[in-house]
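1. give me coordinates for this.
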Amino acid sequence: MDLFGHEDPEEYAERRHRELLGTEKAEPHFASHEEIEKAIRTCEACPLRKEGGLGPVLSSGPSDSPLMIVGEGPGGVEDDYGAPLIGPSGQLLDKALFSVGITRDHVYVTNIVKCRPHGNRTPTIQEGSFCGSIWLVKEIELIRPKVIVGLGKVALRFFLGRDAGIIRSRGHWINYHGIPVMPTFHPAYLLRQSGRELVNAKWQVYYDLLAAKEQARKAAPDWVWKSEVPPNLLASLDEERKRRHRV
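-> Okay, the predicted model is just below:
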């Protein structure tokens, strides 16, 4: 606790782990991406699961990609279809990635928080720390990305381990357990900008993504970054969307 009674995010996550899993239980180990997806689908570890969404939103993209992109949490479109960053923010992300020679089917995309917060509110530091400490750390452990791009302040605070502002922190590398993390603006931030501010922010995201790609390319020189025809993500999620609405 600080002087104002606010609990440290890491202490909060550890306390919730003890409460939910018990101090005697070992952390689960996942041998495949399919195993961790199955576990995420059934997660009810925090109140976000009960805020009105259709359930945890999984990842998209190849699990062997050298580049992982981490957003904040699912919005309405993501909750509907069951994949991260596919609504208006995701469409802008696709354009930003394409500008540096990447299509979405060649990068792994996930979120800090797996369930949609009510009203599309921004997840709190405690919610991001708690959910991320359960699932995102397991995804990183399994996938072992060479580079991570963190979109927005929720991702920044998770990887940095403390509160910080994205405007000052973007573009500066973070070392997360030996993995370089590039924090940059969330596409939703760009959607709120206009005029010169929008132009400047877009260029900043461009250079951040370019730096992340180049860092990952050095570690995985044979990785293919782009498809000739960009994928239709919504069409590919038709079955997952039907499944979510049947549950």
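
2. tell me where this protein has strands.
-> For the chain, the strands defined by DSSP state E occupy 67-71, 108-111, 147-151, 174-176, 179-184.

3. which one, of those strands, ends up nearest to residue 86?
-> With CB to CB as the measure, strand 108-111 is the member of the strands of the chain nearest residue 86 (9.0 Å). Where you see a C-beta, it was placed from the backbone N, CA and C, and this is true even at glycine.

4. what comes into contact with the closest one?
-> The contact list for strand 108-111 (CB atoms under 8 Å, 6 or more residues apart in numbering) reads 57-63, 65, 67-74, 83-85, 136, 139, 143, 145.

5. so which of the strands of the chain gets nearest residue 224?
-> The minimum distance between residue 224 and the strands of the chain falls on strand 67-71, with 11.9 Å, by CB to CB.

6. counting contacts, what elements does that closest one pack onto?
-> strand 108-111, helix 137-143, strand 147-151, helix 152-160, helix 195-219 (3 or more CB pairs under 8 Å, 6 or more residues apart in numbering; DSSP states H and E).

7. how about the strands of the chain in TSV, adding mean neighbour count, mean pLDDT and distance to residue 236?
-> Listed next are the strands of the chain as TSV, based on neighbours: other CB atoms under 10 Å; pLDDT from 0 to 100; distance: least, CB to CB, whole Å:
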stretch	mean neighbour count	mean pLDDT	distance to residue 236
strand 67-71	28	98	17
strand 108-111	25	98	13
strand 147-151	27	98	21
strand 174-176	14	96	30
strand 179-184	22	98	26
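
8. now these as TSV including distance to residue 227?
-> Shown next, in TSV, are the strands of the chain (distance: least, CB to CB, whole Å):
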stretch	distance to residue 227
strand 67-71	15
strand 108-111	15
strand 147-151	19
strand 174-176	28
strand 179-184	23
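
9. of all those strands, which lies closest to residue 92?
-> strand 147-151 (10.8 Å).

10. now for the closest one, which elements pack on it?
-> Using 3+ CB pairs under 8 Å, 6+ apart as the contact test, the elements touching strand 147-151 are strand 67-71, helix 152-160, strand 179-184, helix 195-219.

11. looking at the ones you listed, which is buried most?
-> strand 67-71 (a mean of 28; mean count of other CB atoms under 10 Å).

12. what's the closest of the helices and strands packed on strand 67-71 to residue 237?
-> strand 108-111 (12.5 Å).

13. now list the buried members of the contacts of strand 108-111.
-> For the contacts of strand 108-111, a burial check counting by 16 or more other CB atoms under 10 Å picks out 57-61, 63, 65, 67-74, 83-85, 136, 139, 143, 145.

14. rewinding a little: and of the helices and strands packed on strand 147-151, who's closest to residue 106?
-> Comparing these by CB to CB, strand 67-71 comes nearest, at 8.1 Å.

15. next, the angle from the closest one to strand 179-184.
-> Going by axes from the mean of the first three to the mean of the last three CA atoms, to 10 degrees, strand 67-71 is angled at 50 degrees with respect to strand 179-184.

16. start the count at 29, not 1, going forward
-> OK, 29 is where the count begins now, so the last one is strand 95-99.

17. got the angle between strand 95-99 and strand 175-179?
-> Using the same axes, to 10 degrees: strand 95-99 against strand 175-179 is 20 degrees.

18. tell me the gap between strand 95-99 and the middle of its chain.
-> 5 Å (CA atoms, centre = their mean, to the nearest Å).

19. same question for stretch 93-113.
-> Taking the mean of its C-alpha atoms, stretch 93-113 sits 6 Å from the chain's own mean (CA atoms, centre = their mean).

20. export only the CA atoms of it, formatted as PDB.
-> The C-alpha trace of stretch 93-113 is given here as PDB (Å, rounded to 0.1, in the frame of the first residue of the first chain):
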ATOM      1  CA  SER A  93       6.000 -15.400 -34.900                       C
ATOM      2  CA  PRO A  94       9.100 -13.500 -33.700                       C
ATOM      3  CA  LEU A  95       6.900 -10.400 -33.100                       C
ATOM      4  CA  MET A  96       4.200 -10.200 -30.600                       C
ATOM      5  CA  ILE A  97       1.800  -7.300 -30.500                       C
ATOM      6  CA  VAL A  98       0.000  -6.700 -27.200                       C
ATOM      7  CA  GLY A  99      -3.100  -4.400 -26.900                       C
ATOM      8  CA  GLU A 100      -5.100  -3.400 -23.800                       C
ATOM      9  CA  GLY A 101      -8.300  -5.300 -23.900                       C
ATOM     10  CA  PRO A 102     -11.200  -6.300 -26.200                       C
ATOM     11  CA  GLY A 103     -13.800  -3.800 -27.300                       C
ATOM     12  CA  GLY A 104     -17.300  -4.500 -28.700                       C
ATOM     13  CA  VAL A 105     -16.200  -5.900 -32.100                       C
ATOM     14  CA  GLU A 106     -13.500  -8.000 -30.500                       C
ATOM     15  CA  ASP A 107     -15.900  -9.400 -28.000                       C
ATOM     16  CA  ASP A 108     -18.400 -10.200 -30.800                       C
ATOM     17  CA  TYR A 109     -15.900 -12.100 -33.000                       C
ATOM     18  CA  GLY A 110     -13.500 -13.400 -30.400                       C
ATOM     19  CA  ALA A 111     -10.200 -12.000 -31.600                       C
ATOM     20  CA  PRO A 112      -8.100  -9.000 -30.500                       C
ATOM     21  CA  LEU A 113      -7.800  -5.700 -32.400                       C
END
